[in-house]
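Asker: only geometry, no sequence info:
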């Protein structure tokens, strides 16, 4: 992404150890100017530590942090041109909204008249002009969040770091703030680096996502890349929901791999795993929405037969749980307008998918045919 | 019958006024008894009024229904404290002021004639002006010193204490489990002329420096103003340290990080964030230290000399040794009023309502 000259932040083989514990292992990536970059992972995966190393609150044990092409690994936070929006906002309770936002410029000794215009401008952007003289405690959660944003952005940093900025807000407000954040980011054209454990948030807002797990960067890519072609079982399970069916490689066929599933059938799937050896243990990832259920049992080729064990109507879609012959279960999201008169709980059903509906990944999941949607589950299976 | 019900309801509806009235009447009765405004058969009358007052409110609460009880509740909760104050604060203060304006019949008399004897006050000022000045000066210096010592200590415990926080706080507080008097007398042993500190100072030749700083006087550490101020500082340190610790402990470390993130170095972050947010603690600590220190007599008695007596010593002397209640009362009244004035001024200037 972008030429080296345009990279605002470069992490050059950065690691962080606390005694024997490795918090971040060999993080090596760069973030381009104006990019909305998310670091995503379950709690304890090292994403916040990475953010703190960029901000300067932590020093890397190995590697370098480059900011605008300069090595800042040993530069204290107050000398780095990045600003942070803290998880609980960390607004100064004894200062008005105006004084909070003016804190950075005042530290930089910008004269009061110039500062006033830029502060008011920034309050305008976050739509809080009329609250300039309130104390933070007199504002709602969403407003406090926007003060925190304005306080950081008024300094026009090279990059803005956001540590779970929406975690403290309720669902409705969070969705509104996601759109608001995107709008503000487009308006100020500053790189946003955003730490979250919420995959939905990351998919919605980011240009690129780095998925982290246990201190390792598992995959970096656009939301589409990460969703469609995850690099590991962990990523597949963490982003969205996925059916992961264990199997073994039977043969290669050009870009495709032929896999014999434990559930019975042999399927042909895509994936950048063409170098795998015959007989290797692999998993086939099937996204619930990529599968088409049908009541015609005995579909040949790309499909599975099973028994419909549960069906939940969800408005636009219907969630169907299909039990396979070997006992594992597959979740499938069907268009609820598609008529399936025979589809009743307990009836036989077949599910099929298109040419690139399945994706092959190395290794077997912890639990056969697991459908993983939540963090706790992932952590318990790891 | 109907008429009594209506009347009853009217009382019940105005139960809050009844409660307030009853509380005031009871307080006045207690003050009257405590200050001996009344004598002879009138005492029984007042006691009777007091009993009727208390019983009346209880009856109203029992019979007046839930609405009356709801209206009476705040006064019910307020009353024990109010009556306590009436008997043990208002009545004594009244007596104090009355005696401060009285004259004794003779040197050895225990009777006082109230005759607006303002000469007691002029005597208090003319004879004990120096003690007043010293009391406020010493208390002020001791307060500043407790801030100077207590603030950094509280800061380190609050921000760097980690898991040792409670142990460190315990180490500060544990010496104060010993009696105030014993600790002060212990200092007089430590600072004694042949004690270890003085000989150590002489041995390393620090004596000249300390003499120059007016801490030592003619080779003595004990019985100097410095010893009195040092004793006050030592004895009141926890009262400064603990409120400061509480207010520092409440500060979110992320606020300091945020200041750093916003281009402030450590010193600016301290001045702009930590200090303003810990002011309420310093404020509370100052009140807890200055007020008792200004009236203290123990430190001056054990660590001072006749030229370091504070107003507390003079009051004690006048009350207990000279038996001169009128002048002692006048001094107490002046001390009370001047401390109250200083505290009010201080609150006006440094008041931190919006932070509390």
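Answerer: Sure, I can see it. Since this is a predicted model, take the numbers as computed values, not measurements.

Asker: make it CA atoms for all contacts and neighbour counts henceforth
Answerer: Noted.

Asker: what residues does chain B put near chain A?
Answerer: Proximity of chain B to chain A, by CA under 8 Å from any CA of the partner chain, involves residues B:252, B:254-255, B:257-265, B:268, B:273, B:276-277, B:355.

Asker: residue A:333 sits in which helix or strand?
Answerer: If you go by DSSP states H and E, residue A:333 is part of strand A:329-335.

Asker: so what does that strand touch, helix or strand wise?
Answerer: Under the contact definition 3 or more CA pairs under 8 Å, 6 or more residues apart in numbering or on different chains; DSSP states H and E, strand A:329-335 sits against strand A:291-294, strand A:317-323, strand A:370-372.

Asker: pull up the pairing partners for the helix or strand just after that strand, direction included.
Answerer: Using DSSP H and E, the helix or strand that follows strand A:329-335 towards the C-terminus is strand A:348-353. The strands beside strand A:348-353 in its sheet (DSSP bridges) come out as strand A:291-294 (antiparallel), strand A:303-313 (antiparallel).

Asker: and the longest one, average pLDDT?
Answerer: In this model, strand A:303-313 has a mean pLDDT of 85.

Asker: stretch A:283-292 now?
Answerer: Stretch A:283-292 comes out with an average pLDDT of 86.

Asker: now do that stretch: distance to the chain's middle.
Answerer: Computed by CA atoms, centre = their mean, to the nearest Å, the chain-centroid distance of stretch A:283-292 equals 20 Å.

Asker: in chain A, what residue is nearest chain B?
Answerer: Nearest residue of chain A to chain B (CA to the nearest CA) works out as residue A:78 at 3.8 Å.

Asker: on that earlier part again, show me the contact partners of the strand holding residue A:333.
Answerer: Residues outside strand A:329-335 that contact it (CA atoms under 8 Å, 6 or more residues apart in numbering or on different chains) are A:243, A:287-293, A:316-324, A:369-371.

Asker: same deal with stretch B:282-290?
Answerer: Under CA under 8 Å, 6+ apart, the answer for stretch B:282-290 is B:139-140, B:142-143, B:147, B:236-237, B:239-244, B:343, B:350.

Asker: hmm, residue A:357 is touching residue A:268, no?
Answerer: No: assessed by CA atoms under 8 Å, residue A:357 is found out of contact with residue A:268, at 9.8 Å.

Asker: so those two - more neighbours on which side?
Answerer: Counting neighbours by other CA atoms under 10 Å in any protein chain shown for residue A:357 and for residue A:268 shows that residue A:268 has the greater number, 24 against 20.

Asker: for that one, list each beta-bridge partner.
Answerer: residue A:258.

Asker: spit out the contact partners of it.
Answerer: Contact analysis of residue A:268 by CA under 8 Å, 6+ apart lists A:256-259, A:302, A:358.

Asker: in a markdown table, list the strands paired with strand A:348-353 along with mean neighbour count and distance to residue A:56.
Answerer: Formatted as a markdown table, these follow (neighbours: other CA atoms under 10 Å in any protein chain shown; distance: least, CA to CA, whole Å):
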| stretch | mean neighbour count | distance to residue A:56 |
| --- | --- | --- |
| strand A:291-294 | 20 | 46 |
| strand A:303-313 | 19 | 48 |
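
Asker: scan the chain for its longest helix.
Answerer: Reading this off chain A. Criterion DSSP state H: the longest helix present in chain A is helix A:171-188.

Asker: please go with chain B instead
Answerer: helix B:119-160.

Asker: returning to that earlier point: closest one of the contacts of stretch B:282-290 to chain A?
Answerer: When the contacts of stretch B:282-290 are compared against chain A (criterion: CA to the nearest CA), the nearest one is residue B:350, at 14.4 Å.

Asker: can you check the pLDDT for the closest one?
Answerer: Here, the pLDDT recorded for residue B:350 equals 76.

Asker: what's the distance between the nearest residue to it once chain neighbours are set aside and residue A:294?
Answerer: Once flanking residues are discounted, residue B:350 sits nearest to residue B:283: 7.6 Å by CA to CA, 6 or more residues apart in numbering or on different chains. Residue B:283 sits 76 Å away from residue A:294, going by CA to CA, to the nearest Å.

Asker: neighbours of the one residue in the stretch 201-350 of chain B that gets nearest to chain A, just the number please.
Answerer: Here the stretch 201-350 of chain B gets closest to chain A at one residue, residue B:263, 3.8 Å apart by CA to the nearest CA. Here the number of neighbours of residue B:263 (other CA under 10 Å) works out to 25.

Asker: residue A:129 now?
Answerer: Neighbours of residue A:129 (other CA under 10 Å): 16.

Asker: I figured it was touching residue A:120, is that so?
Answerer: Yes: using CA under 8 Å, residue A:129 makes contact with residue A:120 at a distance of 6.6 Å.

Asker: what residues of stretch A:196-203 count as buried?
Answerer: Burial within stretch A:196-203, assessed by neighbour count using 16 or more other CA atoms under 10 Å in any protein chain shown, is assigned to A:196-199, A:201-203.

Asker: before we move on, back to that, mean neighbour count, the helices and strands packed on strand A:329-335: which tops it?
Answerer: Most buried of those, by mean neighbour count (mean count of other CA atoms under 10 Å in any protein chain shown): strand A:370-372, with a mean of 22.

Asker: before we move on, back to that, what average pLDDT does the strand holding residue A:333 get?
Answerer: 86.

Asker: give the pairing partners of that strand; include direction for each.
Answerer: Applying DSSP bridges, one finds strand A:329-335 paired with strand A:317-323 (antiparallel).

Asker: what is the nearest of the contacts of residue A:268 to residue B:183?
Answerer: Nearest to residue B:183 out of these is residue A:358 (CA to CA; 81.4 Å).

Asker: can you tell me who the closest one pairs with across the strands?
Answerer: Where residue A:358 sits in a bridge, its partners, by DSSP bridges, are residue A:286.

Asker: so what's the closest residue to residue A:150 other than its chain neighbours up against?
Answerer: Spatial nearest neighbour of residue A:150, excluding adjacent residues (CA to CA, 6+ apart): residue A:122 at 5.8 Å. Neighbour list for residue A:122: A:150, A:153-154 [criterion: CA under 8 Å, 6+ apart].

Asker: of those - the most surrounded one?
Answerer: In terms of neighbours by other CA under 10 Å, the contacts of residue A:122 top out with residue A:150 at 29 neighbours.

Asker: pretty sure it sits against residue A:101.
Answerer: Yes: contact criterion CA under 8 Å: residue A:150 and residue A:101 qualify, at 6.2 Å.

Asker: tell me which residue lies farthest from the centre of chain A.
Answerer: residue A:113 (41.4 Å; CA atoms, centre = their mean).

Asker: flag every residue of chain A that's near chain B.
Answerer: Contacts of chain A with chain B, taken as CA under 8 Å from any CA, map to A:55, A:57, A:77-80, A:82-84, A:86, A:90-92, A:94, A:103-104, A:107-108, A:152.

Asker: check these for burial and list the buried ones.
Answerer: Members of the residues of chain A next to chain B classed as buried by 16+ other CA under 10 Å are A:55, A:57, A:77-78, A:80, A:82-84, A:86, A:90-92, A:94, A:103-104, A:107, A:152.

Asker: of these, which belong to strands?
Answerer: Counted as lying in strands by DSSP state E, out of these, are A:82-84.

Asker: adding distance to residue A:18 and pLDDT as columns, could you present the residues you listed in a markdown table?
Answerer: Shown next, in a markdown table, are those (distance: CA to CA, whole Å; pLDDT from 0 to 100):
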| residue | distance to residue A:18 | pLDDT |
| --- | --- | --- |
| A:82 | 24 | 93 |
| A:83 | 25 | 94 |
| A:84 | 23 | 93 |
